[in-house]
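1. Model the following, please.
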Amino acid sequence: MADTQVKLTSPPNFCVEDSKKHLMNIFEDLTKDCEDKNSRNFFDSIRDYDAFNASAIQMFCTMADSDLLDEARELFKPLSGEVTLPQVAVFTIVISTYASNGNIKDAHKVYQQMIASGVTPTAYTYAALIAGFAVDFSNSDSVRYAKKYFLEMLDRGMKPHSQPYMNLMTFIAYQEPEEEGNKFLEQVQAKGLSLDHYDFPYNEVHRTEQMKVIRICNDLIFSNTIDKDVQKYVLRSCDSAWKIFVLSMNMHNALLEDGNVNEDTIQHALTDPSVLIHTLVIESYLKFGKGKGALEAYWGMLAAGFAPNSYTYTVLIKGLTADPVFLGDAKKCLLEMMEKGMRPNAGTYTAVIESFAKQGDKGSEEECKELVEVMISKGFVPNAKAMREVLKGRPKATIRRIMNIVLSKLKG
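-> Residues are numbered from 1 along each chain as shown. From the prediction side, this is the model:
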């Protein structure tokens, strides 16, 4: 496909090889002190320019598939008269690798080297950097840096994609009081960024919508059937429009990440707060170890005519697997989720399979095998690689038992 073509044909009399060597020297200098295992493994796989170019093409395709085609074109566009990748692509790939592996300190160092070298960052460079800071809760300076680089994007005339905006606003909500979030929004708007073009804006109109959530929440949690501990927890979780914004964004991002989403699903998640609050009540029961209450809240949700989305099912299923008493209910909900056309993520179906396998008896093992068979019959094949990733840290004997059950059916 032409849009994903990064490597170009060189014109006559152009010293392409020298340019390639220069880019690889930059790459090797930026990565020579890497100590993180995951990042190191990736960097070591890039032994020459052709390997680097192949990684760039793969990154371009991933960005394009993630609705970041314009950002991809900007990042990988060769400078006038050049035929190799631009220097900004080298810096950005290293920054993105460090940031995605949780090494924001190293990513930030590379960014500073990039600026010192006179290389101008692209919108995706900033997005990768902001995303890295927005998950770094270990450093109190992270929120300051995340805001700084978002504003720097605007100062450079860039129009940020919705993802760095949502990442940052979620991080601010967790790290700072509401007043600080409002101040930052004023700074953003003063620089000319209209928040209305985002799928999930946080503005006055949206605040009005969120007040509906508070009213629905009050109506629901003060019913006589809701546990007192759950009432208090839910009230604390959504006693302001700002907190509700964070809850809504978490659901929104989870739906996107799991791929159980289309335009109608997103709009429903954003405009119908009832599903959000019912899910919060279910989650609250599970937090207090009250599986029966969570199931009753789920049944009440269905009785009230509200359709759970994949996030609701994920919360419910994984929570129920914590207590063997409710394992049958977790299995039933997993199959129900699939019958409705929703694909459970690896963490969800692995939790159910693991719970059966941990029972250690022949009957539970057979029931687990039957579950895998039913899943396959519904067109859903468990991903063995993803399951192993979820099971990391479990005793080897447990992992072996679980994977033997699954693989016996996949091979069959």
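2. So, low pLDDT: which residues of the stretch 251-400 of the chain?
-> Filtered on pLDDT under 70, the stretch 251-400 of the chain yields the residue ranges 260-272.
3. now do 80
-> For the stretch 251-400 of the chain, applying pLDDT under 80 flags the ranges 252, 256-274, 360.
4. in it, which spans are strands?
-> Ranges of strands within the stretch 251-400 of the chain: none, based on DSSP state E, counting those that start in this stretch.
5. quick one, domains of this structure?
-> The chain is divided into the following domains under automatic domain parsing: 2-194, 199-326, 345-412.
6. how about these in a markdown table, adding mean neighbour count?
-> C-betas here are computed from N, CA, C, even on glycine. Shown next, in a markdown table, are the domains of the chain (neighbours: other C-beta atoms under 10 Å):
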| stretch | mean neighbour count |
| --- | --- |
| domain 2-194 | 17 |
| domain 199-326 | 18 |
| domain 345-412 | 16 |
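7. Any idea which residue is closest to the centre of this structure?
-> Among the residues of the chain, residue 257 comes closest to the average C-alpha position under C-alpha atoms, centre = their mean, at 5.2 Å.
8. residues in contact with that residue?
-> residue 345 (C-beta atoms under 8 Å, 6 or more residues apart in numbering).
9. Please tell me how far residue 343 sits from residue 392.
-> Plainly put, residue 343 is 22 Å away from residue 392 if you go by C-beta to C-beta, to the nearest Å.
10. Residue 122 now?
-> In this view, residue 122 and residue 392 are 34 Å apart by C-beta to C-beta.
11. can you check residue 69 too?
-> Taking C-beta to C-beta, one finds residue 69 at 34 Å from residue 392.
12. And what about the closest residue in space to residue 191 that isn't next to it in sequence, helix, strand or coil?
-> Nearest residue to residue 191, sequence neighbours excluded (C-beta to C-beta, 6 or more residues apart in numbering): residue 154, at 4.2 Å. With DSSP: H, G, I helix; E, B strand; the rest coil as the basis, residue 154 sits in helix.
13. these two touch, right, residue 154 and residue 190?
-> No - if you go by C-beta atoms under 8 Å, residue 154 and residue 190 don't touch, sitting 9.4 Å apart.
14. residues in contact with residue 284?
-> 230, 233-234, 237.
15. out of those residues, who's nearest residue 294?
-> Nearest to residue 294 among these is residue 230, at 9.3 Å by C-beta to C-beta.
16. pLDDT score for that closest one?
-> At residue 230, the model reports a pLDDT of 85.
17. who's in contact with it?
-> Contacts of residue 230 (C-beta under 8 Å, 6+ apart): 221, 281, 284-285, 288, 290, 293.
18. could you measure it against residue 325, distance?
-> Going from residue 230 to residue 325 by C-beta to C-beta gives 19 Å.
19. returning to that earlier point: out of the domains of the chain, nearest to residue 336?
-> The closest of the domains of the chain to residue 336 is domain 199-326. By C-beta to C-beta, the value is 7.8 Å.
20. Which members of the contacts of residue 284 occur in helices, if any?
-> 230, 233-234, 237 (DSSP state H).
21. what would the residues you listed look like in CSV with distance to residue 147?
-> Output for the ones in helices among the contacts of residue 284, formatted as CSV (distance: C-beta to C-beta, whole Å):
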residue, distance to residue 147
230, 35
233, 30
234, 30
237, 25
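22. just these now: which is nearest residue 167?
-> Of the ones in helices among the contacts of residue 284, the one sitting nearest to residue 167 (C-beta to C-beta) turns out to be residue 237, at 20.8 Å.
23. isn't the closest one right up against residue 243?
-> Yes - the pair formed by residue 237 and residue 243 meets the contact definition of C-beta under 8 Å, at 6.3 Å.
24. Which helix or strand contains the closest residue in space to residue 45 that isn't next to it in sequence?
-> Once flanking residues are discounted, residue 45 sits nearest to residue 51: 6.7 Å by C-beta to C-beta, 6+ apart. In the assignment (DSSP states H and E), residue 51 maps to helix 49-65.
25. Please save the CA atoms from that helix in CSV.
-> In CSV, the C-alpha atoms belonging to helix 49-65 read as follows (Å, rounded to 0.1, in the frame of the first residue of the first chain):
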residue,chain,number,x,y,z
TYR,A,49,19.7,0.6,8.6
ASP,A,50,17.5,-2.0,6.7
ALA,A,51,16.3,-3.4,10.1
PHE,A,52,15.7,0.1,11.3
ASN,A,53,13.7,0.9,8.2
ALA,A,54,11.6,-2.2,8.6
SER,A,55,10.8,-1.2,12.2
ALA,A,56,9.8,2.3,10.9
ILE,A,57,7.5,0.8,8.3
GLN,A,58,5.9,-1.4,11.0
MET,A,59,5.4,1.6,13.3
PHE,A,60,3.9,3.6,10.4
CYS,A,61,1.4,0.9,9.8
THR,A,62,0.5,0.6,13.5
MET,A,63,0.0,4.4,13.7
ALA,A,64,-2.1,4.4,10.5
ASP,A,65,-4.3,1.6,11.9
